[in-house]
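Trainee: Below is the sequence, then the predicted model.
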Amino acid sequence: MRMAKKKTGIPRLLAIAGAQRGMLLLSGFLSVISSLLMLTPFLSAYHILQELLRNAADPSGNDVDLLLYWAIAAFVALLAALVFLYASAIASHYAAFSILYTLRIRLAEHLATLPMGFHTRESTGTTRKTLEVNVEKIESFIAHQLPDLAGAIALPLLMLAAMFVLDWRLALACAVPIVAAFVMQGMVFQGKTAQEHTRLYHDALEKMNAAGVEYVRGMPAVKVFGITVRSFLGFHAAIQSYQEQAVQISRTYKHPYTLFFVILSSILAFVLPVGLYLLGREPDPQAFAVTLLLFLVMAPGLPMPVLKLLNIGGNLRMIAEGVERIDALLDLAPVAEPARPQKPRTHDITFDDVHFTYAGTDGTEEAPEALAGVSFVAGENTLTALVGPSGGGKSTIANLIPRFWDVTSGAVRIGGVDIRDMGTAHLMDTVSFVFQDVHLFRDTIEENIRMGRNISHEQVVAAARAARCHDFISALPEGYATRIGEGGTYLSGGEGQRLAIARALLKNAPILVLDEATAFADPENEAQIQQGISSLIRGKTVLVIAHRLTSIREADQILVVDKGRIVERGRHEELLHAEGLYRRMWDAYTEAETWHLPAGRTGAIQEAA
Amino acid sequence: MKRFVDNITGGNPRALLAPCLVSLCTGFCQIVPSLLVFAVFDTMYLAYARGEAMNMAKLWGICGLLVAWIAVEYAARARAHEKTAMVAYDLSAVGRVALAEHLRTLPLGFFGSRDPAALTTMLLGDYNNVETTVSFYVPQLVSAVILPIIVFFIMLLFSPQMALAMFLPLPVCFAIMWLSSGLQKKISGRHVKAREDSAGRLQEYLLGMRDIKSHNLGGERFEALREAFARLKRESLRMEIIVVPIVLIAIAALRSGLTLMLLVGTFLLVGGELSLPIFLLFLLLGMRVVEPLSVALVHYAELRYTALSAERIMAIRRERPLPGTGEAPRGGDIRFDRVSFAYQDTDVLHDVSFLAPAGSVTALVGPSGSGKSTVTRLIARFWEVRQGAIFFDGHDIKTCDPESILSRISMVFQDVYLFKDTIRNNIAVGRQGATDQDVEEAARKACCHDFIVALPQGYDTPVGEGGCTLSGGEKQRISIARALLKDAPVILLDEATASLDPENEISVQQGINALVANKTVLIIAHRLRTVRKADWIVVLDSGRVVEQGTHDGLLAEGGLYRHLWTLQQQAAGWSMRAA
C-alpha cells in the first residue's frame, strides 16, 4: 500500500485522479476538441476579411455564399464546441464524484481502524472538515481544473501554432509579452518581501479565526459576567490587524499585479509596431495587411486561456494543501493487526506490568505516565471493581482492554493471549462496553439495539425487556420503529443508557467493561438501570469502573487505583480494615452521601406566606 | 436584488459604488484599443478602396497612441485594484465587528440552540465570501452589464440593424439565466439535502466511533454512512447534468449575437448599406463585449453562492435582542405566575406557579425531561415566557434589561466554560476589579486553592481551549469561585450530576455551602437527599407542577415525590453481584 516515495502536490493529485484514468482522458480529449472548434470563428473571420478586402473597391463583387458559409460555419462550430464541452464536463464530473465517493469511504474505513486516542484528541470538526471540505476540493480539481487545464493549454498552443504558420514574426510579437508577463509574475511571488507579507497575512487570518472561535464559544460566559466585547480576548484587535494585513498585501501586489494584467491586455501594442514595420518592407503589402488584420483581431483573445491557467495554478495550491490533510489522515498508523491471529479459550483478563503514556497532542511535551506498572488478574466470571480518585487511571485501564490505545510496555492478556495477537474484529466480539455517554444513531430504536447484527425482532425485544427498556419503547408512538434524533424522538440520558445495556445483552460477549453509569439518571431510571445491569453481568467476566462505592461492596476484587498504580487490592471488608485510601474514600463517600443543602434564612417561607 | 446588496454591504450600498465605478473605468479602457484597431483598419481599407499607397504616417501615429494607452490603462487598473481591496476589507471588518457586537446582545437561549461552529463559520468564513463578492464578483458583473449597454448606444449611432442583431440574443440569454435560477433552486434542494445528510451521518459516525468500533461497524459496514455518501454522489452528478447545459445554452445564446451580426452585416455590405470599416468596428466591439459577459455568466453561480453567505449573516443580524430596559432589583423573591413555555413547537412548561422567597432554598425535582432546567433558564432570560410572568422582587423580568438580570444571578451549571487564560483571570471574571487577594479568598472558599497551588505555575497556569486540562470537579469548583466573587443575590444551581470521585464531591459540596449562604437559591436536584432540608420543594412532571411543599409534607402526601424518594433509597443500597 505504502508508496516508496511519498508524492505531494500535483503529482499526488494526479495519482488520485488516476483511479478514473479512462474517464478523465476522454474528458480531456473532448475538452481539446471543443477548444479546437472554438477557434473556427477566427478562421471564419480570416476568410471573410480576405474576401471583403479583395472586393473593397467594389463591395457588390463579394461572393455572398462564401461569406454566409463562413458565418454559419462559425456558429455551428460554436454549438458543436459547447456540446463537446458538455460531454467533457459530464465525463469529468462522473470521474470526480466517483473518486470522491471512494475516497470518503476509504477515509471512513481508515478512521475506524485508528486507535481511539486519535478520536479523543482530534475534534470531530477537524476530521469532518477533511472528509467534507478537503475531499470536495479534489472535485474541483478533477471535474473542472483538469479538463480546463487540457483546454487552456491546448487552445493558446493551437492558436500560437496557427499564428506561426501564418507569420512567424508576428506570432513572436504575440508570444513575447505573454512570456514576459509570466516570468515577471513568478519573480514577484518568489520575492522575499512578498513571501514575508503572505506569511504575516496568514498569521493574522489564523489569529482572527482562533479569536473568533473563542469569542463565540465563550459568549454565554461573557454575557453572564458582563465582559465588554472590545476588551474580550482581542477579537476586535484581531479583526483590525487582519484588515491591515489584507490591505497591506494588496498594496504590495498592486504594481506587479497591475503590470501583469496590463501587459497581457496590451498585446496589440506589441503586434502593431512589428506589423507596421514589416508592412513597409513587404513586397506585397496588400496580402500582408490581411494577415496583420487577422492578428489584430485574434491577438486580444490569446491571454484569456492563459489567464485561466493562472487561476488554475492558484487553486491548485489550495487543493494540494487539502490533499496533504487527507494524506496526513491516511498515513496515520491503524491499530496493528496480528499476522496470525489467535483466539483465547478462556476469558480471564491479565494485566502484566502495564505502563502507558498518553501521547501529547503535538508530541513535543512529555506527558506523565498514566499507568505506571499495573498488574492484576480478573478471573473468568468474576467481578472486578476499579475505584480511586478521578484522573487516577481507572478509565485508562478500562480503555486498554478493547485496544482503544495500546500499552507502552507490558501486556494485556485475555485467556493468556496478548490482545495484540487477537484480531481486532475478534477482540471486539469478545468484549462489550457500557459507557456513561451513550451514542445513539439517527435510526430506529430497533436498529440502535441491533447494531448491524443479523438477529430477529423477537431477540431485540427480549434484550430490551431484560434491559428494562421495553416499557418506554412500547409507549413511544411507533414503538421499536421510532426514529431517534432529528425528526424523531429524543431519549433521556437514562433511557439511552438502558438501550446501551440492551445492545450489550444482544452482543453477549464473555467480557464486559462497565462504567457504572447511574450517576446521570433520575431515580426512576436509576432503579431500572440497576436491574438491567444485574441481568447483563450474569455469567461474565466483569470489570467495572465504580463511582458509588456501595454498589461494588460485593465485588470479588476491588482495585484501588491512584496516580497510575494499584495502591490497594482486596475485598470490601479487607480494604476497610486496611485503613488506607479505600477507607478514606469510603468515609468521604458516606459523608458526601449524607450532604444536603443548608436551609435558607429561617422563617423565610413563613414571612412570604 | 436590493436585499442582496444590503446584505453584502451591511446596509450600506453606497460602499459598492466606488468599486463598480473603477471597474467600469477599466472596462472602458479596454474598448479604446478596439477603436484604435478600427482606425488602423479604416486607413488600410482606404488604401485598398482607392488603390493608393498606405498612409504609413497615420498608421504609426495610431500605433503611438496604442502604446501610450498602456500608461492610461495601467493607472486605471492600479486604482481599481487598490480601491476595491480597501472597500472590501473595510466592509468585512466593519461587518465582523458589528456582527460580534450584535451576538452579544442576543439572549442566552440563542447560543444554546446554535452550533457554535456554525456561528464561527459565519463570523469568519462567510465574511471572506463577502470580501470576494464585493471586491471581485459584483464590480465585474456590474461592468459586464453596463458596458454592453453603452456599446449598444454607440452602435445604434452607426447602424441600428447591426446593433439590434448583436444585442437581440442578450435578453434571451438573461431570460434563460433568470428562469433557470428557479429550476436550479429546486434541483439544488435535493443536492443540499443529500449533502447535509452525509454531513450529519459523518458527524454521528465520528461521535459514535467508540460504539462503532466495539460493534465492528467501521467504514462501509456502517450502512447509513455508505448510503449517504452514495446518494451525495448521485445527486451531485444529477445536478451537474441538469445545471451545466443551462449555462452552456446561455453562453451559446450570447455568442450567437456575433454570428447574427456577421450574417446581417454581410447582407448589408453586399447591399451597399454598410461600409467595411463600420462592419469591422462592430466585430471588434462585439468581441470586447461578449468576453466579459460570458465570464460574468460563469461567475453568476458563484455570486449566488456568496449570496447565501450574506443571507446567513443577515438572518443573524435580524435576530432581535430581548426587550426590557429597567434596572433589575438588587435582590428579593422570585415568583412564577402561571408560566407556560414552549421551545419551538415542543411544549415544555404549563402553568407553572411557585414562590421562591428571598434568602430561601427552593428545590426543583422530578424525572429527567420534566422541565427543571427550563425553569432556571427562564429566570436568567434565556428565552421569553410564552404565557404568564416571572416576577423578581415584584418586577416582571420582561421589563428589566436582560444584562441587568444576569448581573443579579450566579449560575453554577455542569458545563463550565473556561477562557483560554490563566486560572487567576478565569476566576477574576466573576467581579471586575477583583484583587489577587479577592481571587485567592474565593478560591479557598470554593475549595480550589489547594489544587491550584499544586499546579506548576499556580494561579498563573493557563488553561486550554474549553479548559480541557482540568477535571470536571476542578472546573466546577472554579465556577463556584467565580460565583463567590460575583456575590449575586440569586443563585441558580444544578446539583453536580457528573460523576465525581468522593473527595472531589465533598469539596464541591463545601464550595456550594459557602456560596449559598444568605442567597435566594434555586437548585435542580437529582439526589433527593441533598435537598431534604430545602425550604420548599417543587415537584415537576412533564412540565407541570404536580406537588410542592417541604420534604416531610411531600412524603406525607404519598405522591410522586414519595415514589421517587423510595426508589432512590432502594437504589442507594444496591450492589452488583457476580454470578
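Mentor: Received, thanks.
Trainee: Ignoring the adjacent residues along the chain, who's closest to B:Arg577?
Mentor: A:Glu554 (5.1 Å; C-beta to C-beta, 6 or more residues apart in numbering or on different chains). Quick note: C-beta positions are derived from backbone N, CA and C, even for glycine.
Trainee: quick one: secondary structure of that neighbour?
Mentor: coil (DSSP: H, G, I helix; E, B strand; the rest coil).
Trainee: contacting residues for it?
Mentor: Residues in contact with A:Glu554, defined by C-beta atoms under 8 Å, 6 or more residues apart in numbering or on different chains, are A:383, A:572, B:575-578.
Trainee: tell me which of these is nearest to B:Thr461?
Mentor: A:His572 (37.7 Å; C-beta to C-beta).
Trainee: Would you agree that closest one is in contact with A:Ile558?
Mentor: Yes - here A:His572 reaches A:Ile558: they are 6.3 Å apart, a contact under C-beta atoms under 8 Å.
Trainee: doesn't B:Ile246 fall inside a helix?
Mentor: Yes - using three-state DSSP, the assignment for B:Ile246 is a helix.
Trainee: what about it, how many residues close to it?
Mentor: B:Ile246 has 17 neighbours, counted by other C-beta atoms under 10 Å in any protein chain shown.
Trainee: got a pLDDT number for it?
Mentor: Listed pLDDT for B:Ile246 reads 80.
Trainee: got it, and A:His572?
Mentor: 93.
Trainee: do the same with B:Ser256
Mentor: 80.
Trainee: how much space between it and B:Pro19?
Mentor: Distance from B:Ser256 to B:Pro19, counting by C-beta to C-beta, to the nearest Å: 31 Å.
Trainee: the more surrounded of the two?
Mentor: Just comparing B:Ser256 and B:Pro19: by other C-beta under 10 Å the higher neighbour count belongs to B:Pro19, 25 against 18.
Trainee: how about the more buried one, what does it touch?
Mentor: B:80, B:83-84, B:87-88, B:134-135, B:138-139.
Trainee: Helix, strand, or coil at residue 447?
Mentor: Defaulting to chain A. helix.
Trainee: Wait, chain B was what I had in mind.
Mentor: The three-state label given to B:Cys447 by three-state DSSP is coil.
Trainee: which bits of the stretch 351-500 of chain B sit near chain A?
Mentor: B:355, B:357-361, B:363, B:366-369, B:403, B:406-407, B:409, B:411, B:417, B:419-420, B:429-430, B:432, B:465-466, B:471-473, B:482, B:486, B:497-500 (C-beta under 8 Å from any C-beta of the partner chain).
Trainee: what's the spacing between the residue nearest to B:Arg577 and A:Glu573?
Mentor: Taken as C-beta to C-beta, the span from A:Glu554 to A:Glu573 is 10 Å.
Trainee: again with A:Leu172
Mentor: For A:Leu172 relative to A:Glu573 (C-beta to C-beta), the value is 100 Å.
Trainee: which one of those two has more residues nearby?
Mentor: Higher neighbour count among A:Leu172 and A:Glu573: A:Leu172, with 15 against 9, using other C-beta under 10 Å.
Trainee: Buried ones in the helix or strand hosting the more buried one, by neighbour count?
Mentor: Taking DSSP states H and E as the criterion, A:Leu172 maps to helix A:168-190. Neighbour-count burial for helix A:168-190, with 16 or more other C-beta atoms under 10 Å in any protein chain shown as criterion, is recorded at A:170-171, A:173-175, A:177-178, A:181-182, A:185, A:188.
Trainee: same thing with stretch B:65-83?
Mentor: For stretch B:65-83, the neighbour count (16+ other C-beta under 10 Å) marks B:66, B:69-70, B:73-74, B:76-83 as buried.
Trainee: That one near chain A anywhere?
Mentor: Yes - counting by C-beta under 8 Å from any C-beta, chain A has neighbours in stretch B:65-83: B:66-67, B:69-70, B:73-74, B:77-78, B:81-82.
Trainee: want to throw those into CSV with secondary structure?
Mentor: As requested, these are exported to CSV (three-state DSSP):
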residue, secondary structure
B:Leu66, helix
B:Val67, helix
B:Trp69, helix
B:Ile70, helix
B:Glu73, helix
B:Tyr74, helix
B:Arg77, helix
B:Ala78, helix
B:His81, helix
B:Glu82, helix
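Trainee: show me what contacts A:Arg340?
Mentor: A:Asp421.
Trainee: Helix, strand, or coil at it?
Mentor: Here A:Arg340 is coil, with the state taken from three-state DSSP.
Trainee: mind checking pLDDT for it?
Mentor: At A:Arg340, pLDDT is 89.
Trainee: From B:Ile154, how far out is it?
Mentor: Distance from A:Arg340 to B:Ile154, by C-beta to C-beta: 84 Å.
Trainee: that older thread, rebuild the buried residues of stretch B:65-83 as CSV, extending it with pLDDT and distance to A:Tyr46.
Mentor: Formatted as CSV, the buried residues of stretch B:65-83 follow (pLDDT from 0 to 100; distance: C-beta to C-beta, whole Å):
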residue, pLDDT, distance to A:Tyr46
B:Leu66, 90, 22
B:Trp69, 90, 26
B:Ile70, 89, 27
B:Glu73, 88, 27
B:Tyr74, 90, 31
B:Ala76, 86, 32
B:Arg77, 85, 31
B:Ala78, 87, 36
B:Arg79, 84, 37
B:Ala80, 82, 34
B:His81, 82, 36
B:Glu82, 83, 40
B:Lys83, 82, 40
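Trainee: coming back round to it: more crowded one of A:His572 and A:Ile558?
Mentor: Ranked by neighbour count (other C-beta under 10 Å), A:His572 and A:Ile558 place A:Ile558 first, with 24 against 18.
Trainee: So which residue is smack in the middle of chain A?
Mentor: Centroid-nearest residue in chain A: A:Thr130, 1.9 Å away (criterion: C-alpha atoms, centre = their mean).
Trainee: so what's that residue up against?
Mentor: Counting by C-beta under 8 Å, 6+ apart, A:Thr130 makes contact with A:107, A:325-326, A:329.
Trainee: tell me the two of the residues you listed that are most distant?
Mentor: Pairwise distances across those peak at 10.7 Å for A:Leu107 and A:Arg325 (criterion: C-beta to C-beta).
Trainee: Domain ranges for the chain, per the record?
Mentor: No chain in the question, so chain A it is. Annotated domains of chain A cover A:7-166+A:302-335, A:168-301, A:349-594 [automatic domain parsing].
Trainee: not quite, I wanted chain B
Mentor: Chain B breaks down by automatic domain parsing into domains covering B:1-154, B:334-572.
Trainee: Flag whichever of those has the least confidence on average.
Mentor: Looking at the domains of chain B, the weakest mean confidence is domain B:1-154, a mean of 81.
Trainee: For burial, what's the neighbour tally of residue 26?
Mentor: No chain specified, so I'll use chain A. Neighbour count of A:Leu26, defined by other C-beta under 10 Å: 18.
Trainee: You answered for a different chain; I wanted chain B.
Mentor: 22.
Trainee: Could you do A:Val64 as well?
Mentor: A:Val64, neighbours per other C-beta under 10 Å, totals 14.
Trainee: Likewise for A:Gly61?
Mentor: Residues near A:Gly61, counting by other C-beta under 10 Å, number 11.
Trainee: Tell me, what's the model's pLDDT at the spatially closest residue to it that is not a sequence neighbour?
Mentor: Nearest non-adjacent residue to A:Gly61, counting by C-beta to C-beta, 6+ apart: A:Asn55, 4.2 Å away. Note for A:Asn55: predicted pLDDT of 77.
Trainee: doesn't A:Asn62 make contact with A:Asn55?
Mentor: Yes - counting by C-beta under 8 Å, A:Asn55 does reach A:Asn62; the two are 4.9 Å apart.
Trainee: Please identify every residue contacting each of the two.
Mentor: Residues touching both A:Asn55 and A:Asn62 (C-beta under 8 Å, 6+ apart): there are none.
Trainee: Just the buried ones among the residues of the stretch 351-500 of chain B next to chain A, please.
Mentor: Buried members of those, counted by 16+ other C-beta under 10 Å: B:355, B:357-361, B:363, B:366-369, B:403, B:406-407, B:409, B:411, B:417, B:419-420, B:429-430, B:466, B:471-473, B:482, B:486, B:497-500.
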